[in-house]
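Q: got a predicted structure plus its sequence, pasted below:
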Amino acid sequence: MSITTTIESSILNSLRKAQQDYLRHSNGQRLNTWHVSDFVSECLRKTYYGKTYPEKFAPEKASIFFLGHVVHEHTPLSKINELTMCYDIERDRSVTPEEVMSLPYNDLGSIITGTLDDLVKVGDTFVIADKKTYNGGGYYKKTSPDKSYELQLNIYRVLLNAAYGINAEYGCLLYLDKKNNLDPTPIAFELQPVNDTKKKMKEILKELRTGDPKPNPCWLCNGANKKGEIYCSYLDVCKQEGRPDE
């Protein structure tokens, strides 16, 4: 092996280690509850499998998450950012992260945790803002919010209202194009009434608790993309357990 090849390999290994170390530090301690990301997945069976057959973090995936973490950590949009909140869906009450850490495992089954990116005040209006990176390449631009992200911000509204009594009537997704210098596209929209979202959260919790959530064949597992990639590692077990035809 030549000296230049050795140098390149060493530098690449250093980069990967730095990315992994950064992600470990940024993630902090994850509470052993449901998380908002669990409830907004386009396939709840994938969420269920993720809880039943948890996967270890793959080091080779560090670069995928690295940019998103850097963007979130270094671009606060307001003084209130990266706000972690917990909420008991069944008891309809806020719980602090500190309280959650002291609860026994059997008492965590109806608690959901979420970390709000930014709470921005525009005039007299509170807005829940969330940054999302995507691959537009400068050719494709977001024009409407993804349904899963809409639900995510609506759930944040519930948690925020329960924890701090703040009624955020609007949400704004700030899409950043990774392939076009993080070109920003903000998309604002009115959030759903709090009680409607609470009802939706109870329905999702009930379905996850059945032990057999209905699968939803979609972009996660249909391979309908340029690279033909599958983004759900549970496809095989899902097929074995009765995944319907698309």
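A: Cool, the structure landed.
Q: show me the shaky parts of this protein.
A: Across the chain, residues meeting the criterion (pLDDT under 70) sit at 23, 25-29, 56-64, 138, 243-246.
Q: for it, longest strand please?
A: Among all segments of the chain classified by DSSP state E, the strand with the greatest residue count is strand 111-122.
Q: what is the distance between the helix or strand following it and the centre of its chain?
A: Under the assignment DSSP states H and E, the closest C-terminal helix or strand after strand 111-122 is strand 125-134. Averaging C-alpha coordinates over strand 125-134 and over its chain gives two centres that are 13 Å apart (Cα atoms, centre = their mean, to the nearest Å).
Q: mind listing what's buried in the helix or strand that contains residue 161?
A: Using DSSP H and E, the element containing residue 161 is helix 147-164. Neighbour-count burial for helix 147-164, counted by 16 or more other Cβ atoms under 10 Å, picks out 149-163. All C-beta atoms are positioned from the backbone trio N, CA, C, and that covers glycine.
Q: state the distance from the spatially most central residue of the chain to residue 15.
A: Centroid check for the chain by Cα atoms, centre = their mean gives residue 37 as the closest residue, at 4.0 Å. As defined by Cβ to Cβ, to the nearest Å, residue 37 lies at a distance of 27 Å from residue 15.
Q: please apply the same query to residue 115.
A: Applying Cβ to Cβ, the value for residue 115 to residue 15 is 27 Å.
Q: residue 97 too?
A: 32 Å.
Q: who does the helix holding residue 161 touch, helix- and strand-wise?
A: In this structure, helix 147-164 packs against helix 36-39, strand 80-88, strand 93-95, strand 111-122, strand 125-134, strand 170-177, helix 194-209, with contacts taken as 3 or more Cβ pairs under 8 Å, 6 or more residues apart in numbering; DSSP states H and E.
Q: run the last query once more with 10 Å
A: Packing contacts for helix 147-164, counted by 3 or more Cβ pairs under 10 Å, 6 or more residues apart in numbering; DSSP states H and E, involve helix 36-39, strand 80-88, strand 93-95, strand 111-122, strand 125-134, strand 170-177, strand 183-190, helix 194-209.
Q: centre of the chain to the last one, how far?
A: Relative to the chain's own centre, helix 194-209 is displaced by 17 Å; criterion: Cα atoms, centre = their mean.
Q: what does the helix or strand just after it contact?
A: Following helix 194-209 in sequence order, the next helix or strand is helix 235-240 (DSSP H and E). When contacts are defined by Cβ atoms under 10 Å, 6 or more residues apart in numbering, helix 235-240 is touched by residues 43, 45-46, 48-49, 52-53, 215, 217, 220-223, 230, 232, 243-244.
Q: what distance separates helix 235-240 from the centre of its chain?
A: In terms of Cα atoms, centre = their mean, the centre of helix 235-240 is found 23 Å from the chain centre.
Q: buried stuff in that helix?
A: 235, 238.
Q: dump it to CSV, keeping only the CA atoms.
A: Taking only C-alpha atoms (Å, rounded to 0.1, in the frame of the first residue of the first chain), the coordinates of helix 235-240 have been written out as CSV:
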residue,chain,number,x,y,z
LEU,A,235,-39.6,-6.4,4.8
ASP,A,236,-38.8,-10.2,4.9
VAL,A,237,-40.5,-10.7,8.3
CYS,A,238,-43.4,-8.5,7.2
LYS,A,239,-44.0,-10.7,4.2
GLN,A,240,-43.8,-13.8,6.3
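Q: quick one, the longest strand of the chain and strand 125-134 angle?
A: Orientation note: strand 111-122 sits at an angle of 110 degrees relative to strand 125-134 (axes from the mean of the first three to the mean of the last three Cα atoms, to 10 degrees).
Q: send me strand 111-122 as CSV with only the CA atoms.
A: Taking C-alpha atoms only, strand 111-122 is exported to CSV below (Å, rounded to 0.1, in the frame of the first residue of the first chain):
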residue,chain,number,x,y,z
ILE,A,111,-46.1,8.1,27.3
ILE,A,112,-44.8,9.8,24.2
THR,A,113,-41.7,11.9,23.9
GLY,A,114,-40.9,14.6,21.3
THR,A,115,-38.2,17.2,20.8
LEU,A,116,-39.5,20.4,19.1
ASP,A,117,-37.0,22.1,16.8
ASP,A,118,-38.0,25.7,17.3
LEU,A,119,-40.9,27.7,18.8
VAL,A,120,-41.1,31.0,16.9
LYS,A,121,-43.4,33.9,17.6
VAL,A,122,-44.5,35.8,14.5
